[in-house]
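Student: sequence below, structure please.
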Amino acid sequence: MPGGRPTDYSPELTARICERLTVVESLRSICRDDAMPSMASIFLWLSKHPEFSEQYARAREAQAESHADRIVEIADDDTIDPNHKRIMVDARKWVASKLKPKRYGDKAEVEHKGDVGLTVVVKRFTDAEDSSAS
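Tutor: Presented below is the predicted three-dimensional model:
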């Protein structure tokens with residue numbers, strides 16, 4: 001791109017960024033492309049443009065789904081060394097759990113709604129009851 005990296009916000013450029021995120025390309029990789037803005041520009045745009053922030057969040061959620069799909073492909077691929085396969089699967093599981101924790105996270109959250117009642121009964125024993133209990 002003549003004149004260096006793009007620094008001006010545009011919906012077309014942010015759509016391309018989100019599309020690349022969705023197909024499991026990292027933000028670092030996207031930003032290494034000279035036709036793309038720097039990470040600093042993207043983070044600035046995220047704070048200044050709510051529509052981009054929403055689009056970016058949806059792209060990251062879709063990225064988690066893509067990672068989950070890829071995990072199955074990796075697991076089924078008999079040409080990958082089992083140790084390498086485990087590392088590849090674990091890395092994608094970790095990323096998916098961070099991008100979409102409610103669906104892919106390890107922590108199960110339990111929510112309780114309503115009141116909890118507690119009745120406390122205090123009973124005093126007399127000396128006669130104490131000696132008969134033993």
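
Student: check contacts around the residue nearest the centre of the chain.
Tutor: Compute the mean C-alpha point of the chain, and by C-alpha atoms, centre = their mean the closest residue is Leu99, 1.7 Å away. The neighbours of Leu99, taking C-beta atoms under 8 Å, 6 or more residues apart in numbering as the test, are 60-61, 63-64, 67. The C-beta positions use only the backbone N, C-alpha and C, and glycine is treated the same way.

Student: quick check, nearest of these to Ala35?
Tutor: Gln63 (20.5 Å; C-beta to C-beta).

Student: ok, for the closest one, nearest residue in space, not its chain neighbours?
Tutor: Excluding its sequence neighbours, the residue lying closest to Gln63 (C-beta to C-beta, 6 or more residues apart in numbering) is Leu21, at 5.4 Å.

Student: now do Arg103
Tutor: Closest to Arg103 by C-beta to C-beta, 6+ apart is Ala64, at 7.1 Å.

Student: which residues of the protein fall in helices?
Tutor: Listed in chain order, the helices of the chain (DSSP state H) span 11-22, 27-32, 39-48, 50-76, 82-99, 101-104, 127-133.
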